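> Below is the sequence, then the predicted model.
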Amino acid sequence: MPLKTLLYISESTESHVGKSAPSQLWKILRSSRLNNARLSLSGVLSYSHGKYVQVLEGESDSVDSMIRLITTDFRHTELDIVLHTQIEKPSFPTWPMRFIGSIGKDKSFNNYISTYEDRIDTQGRRLLGHFLPSRFEALPSDFEGQVLALSAWPSFADMPQTKSMLSLSARLVAAPCLYEDLIASKECSSEEELNLILARLNKLNLLVFMDSQPHDTRSYAQPFNEGLYVKLKDFLGLQ
């Protein structure tokens, strides 16, 4: 039976868990160890700021059975497969399910990523940036041609609330915007500053890459003096 590895990232369904681990984490770890031992699977699990990352390794049919079970688990949602490929041997053979507190600093996980990095696509790299920000930091080329939005307002604890950051966040919360239109809109003092802010938002997992342009195709570089954007700018004292 061929062996395979699968790496996925998902979101915790517990709200407002912040930097602390959700109460369901230890239940997920316990059930993973039991199920993996039953199916002769191995792997690792970690958690950071509302997201899980898990690696499964073993016989192909067993890995497929486990991921089908995981997709029905109410404790997490928005599951994205980052890596799903055949392997010659597992990277974590002695662990039915090892928990790693700080996965970005773990040598074995970084070696695992190095082994299969050429099989991870651009979207997978963006997702891994949540756990490995120094390794998969977003570059300006990652934003080119992309329609961007914000999933939530950045916390004061995570980002300095500069005028450029506030203005850019207001625009991206109000409506999705093409990267090139953001450059033209002059929300930031320079393209370099724009890229730095976007990279930081991406690290915080707040930046959303839309699949396509929104149905409203007006240029966001034009004055956008209406609706939520105007209210946010008024509230922030940016008008």
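Looks like it arrived, so ask away. Numbering: from 1, shown residues only.

> just the helices in this structure please.
25-39, 60-70, 107-116, 122-128, 140-143, 163-174, 179-185, 191-203, 227-236 (DSSP state H).

> which stretch among those helices comes nearest Pro2?
Ranking the helices of the chain by proximity to Pro2 (Cβ to Cβ) places helix 60-70 first, at 5.0 Å. The C-beta positions use only the backbone N, C-alpha and C, and glycine is treated the same way.

> other SSEs contacting the closest one?
strand 3-12, helix 25-39, strand 51-59, strand 76-87 (3 or more Cβ pairs under 8 Å, 6 or more residues apart in numbering; DSSP states H and E).

> Select, out of these, the one closest to Cys188.
Per Cβ to Cβ, nearest to Cys188 of the helices and strands packed on helix 60-70: strand 51-59, 27.4 Å.

> May I see the buried residues of that closest one?
51-58 (16 or more other Cβ atoms under 10 Å).

> possible to save those residues as CSV with pLDDT?
Listed next are these as CSV, based on pLDDT from 0 to 100:
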residue, pLDDT
Lys51, 86
Tyr52, 90
Val53, 93
Gln54, 94
Val55, 96
Leu56, 95
Glu57, 96
Gly58, 95
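
> The closest residue to Gly58 other than its chain neighbours: how many residues sit nearby?
Leaving aside its chain neighbours, Gly58 sits nearest to Leu41 (3.9 Å; criterion: Cβ to Cβ, 6 or more residues apart in numbering). For Leu41, the count of nearby residues is 25 (other Cβ atoms under 10 Å).

> So Leu41 sits against Leu56, correct?
Yes: if you go by Cβ atoms under 8 Å, Leu41 and Leu56 touch, sitting 5.6 Å apart.

> Which neighbours do those two have in common?
The contact sets of Leu41 and Leu56 overlap at 63, 66 (Cβ atoms under 8 Å, 6 or more residues apart in numbering).

> need the contact list for the residue nearest to Gly58.
Counting by Cβ under 8 Å, 6+ apart, Leu41 has contacts 35, 56-58, 62-63, 66, 96.

> swap in Glu117?
No contacts exist for Glu117 under Cβ under 8 Å, 6+ apart.

> With Glu59 instead?
Contacts of Glu59 (Cβ under 8 Å, 6+ apart): 1-4, 39-40.

> what pLDDT does it get?
Looking at Glu59, its pLDDT reads 95.

> What residues are bridge-paired with it?
Here Glu59 sits in beta bridges with Leu3, as judged by DSSP bridges.

> Can you name the residues bridging to Ile81?
Tyr8.

> quick one: Pro93 and Glu57, what's the gap?
With distances taken as Cβ to Cβ, to the nearest Å, Pro93 is found 8 Å from Glu57.

> okay, and the common contacts of the two?
Ser42.

> related to what we said a few turns ago, compare the contacts of Glu59 and tell me which has the most neighbours.
Lys4 (20 neighbours).

> Show the pLDDT at Asp80.
So Asp80 comes in at 92 (pLDDT).

> give me every residue that touches the closest residue in space to it that isn't next to it in sequence.
Computed as Cβ to Cβ, 6+ apart, the closest residue to Asp80 that is not its neighbour in sequence is Ile9, at 5.2 Å. Contact analysis of Ile9 by Cβ under 8 Å, 6+ apart lists 51-53, 79-80, 82, 127-128, 130-131.

> Return the helix or strand in this protein with minimum mean pLDDT.
Sorting the helices and strands of the chain by mean pLDDT, DSSP states H and E puts helix 227-236 at the bottom, at a mean of 58.
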